[in-house]
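1. what follows is a predicted structure for the sequence shown.
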Amino acid sequence: AGSSGSASAPPSIPAGHQAITAPTVGLTFAVPQDWQDLNALTEDQKTLIARVQGVDPSTFSQKLASTDAFYGRFSQSGGLSFNSVAVAKEAETSSTPPSQASLDEIITRQGGTPTGYSTKPSTYGQAAVDTSTAQVQGTQTAGAVIAVPTSSGTYVRIAVTAGSAEEVDTIVSTILSTAH
């Protein structure tokens, strides 16, 4: 006890948050306490989320199946925006964060517009953060793709969506400060 400064102690989970783990890539981080595991929802609930996101329910189910962990909830900030984090199943072996071009390409492929790339410190080194906006059902939503380094020398991609850029920043900061 008392060795909280050691590198081996995992970061603590902030109040009002829960720790989630993406099992394939082995990354654990915090999300708000009231977020749900979207893979555990009923088909009716998944259909509702798909409709809000403007996608076909079967497309949404495929998206869920391709993620290692997918948590979220409807935004409190009015409207029907959906706040979520989706962890990619495959990790990229690299000693440096992915480039802006590679993250911009992911955002563009998903129909978003990149708005800014930066690197930020996280538990195992520099993470890359590429923020974006997208039109979903005629509403502007905010998002980010972040690449978080793991203890095993890989980078894991996490897609974040929220109703506002401020919400995205808060979610990203929590992930980077708790990822291990």
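-> Alright, I've got the coordinates.
2. and the residue nearest the centre of the chain?
-> Residue closest to the average C-alpha location in the chain (CA atoms, centre = their mean): Val85, at 3.2 Å.
3. next, give phi and psi for Ala50.
-> phi -60, psi -40 (degrees, to the nearest 10).
4. correction: the previous question concerned Ser95.
-> According to degrees, to the nearest 10, Ser95 has phi -100, psi 0.
5. which other helices and strands contact the lowest-mean-pLDDT helix or strand in the chain?
-> Every helix and strand of the chain was ranked by mean pLDDT, DSSP states H and E. The lowest is helix 43-52, at a mean of 86. Using 3 or more CB pairs under 8 Å, 6 or more residues apart in numbering; DSSP states H and E as the contact test, the elements touching helix 43-52 are helix 57-65. (Each C-beta comes from the backbone N, C-alpha and C, glycine too.)
6. what is the mean pLDDT for the helix it packs on?
-> The average of the pLDDT scores along helix 57-65 is 88.
7. which strands or helices does that helix pack on?
-> helix 43-52.
8. what's the spacing between the helix it packs on and its chain's center?
-> Centroid separation between helix 43-52 and its chain, computed with CA atoms, centre = their mean, to the nearest Å, is 19 Å.
9. flag every buried residue along it.
-> Under the neighbour-count criterion of 16 or more other CB atoms under 10 Å, helix 43-52 has 46-50, 52 buried.
10. now do stretch 143-150
-> Quick answer for stretch 143-150 (16+ other CB under 10 Å): 143-150.
11. same deal with stretch 120-134?
-> 122-134.
12. so what touches stretch 100-116?
-> 117, 128, 130-135, 143, 145, 147, 157, 159, 165 (CB atoms under 8 Å, 6 or more residues apart in numbering).
13. so which of those belong to helices?
-> Under the assignment DSSP state H, these contribute Ala165 to helices.
14. out of the contacts of stretch 100-116, which are inside strands?
-> 117, 128, 130-135, 143, 145, 147, 157, 159 (DSSP state E).
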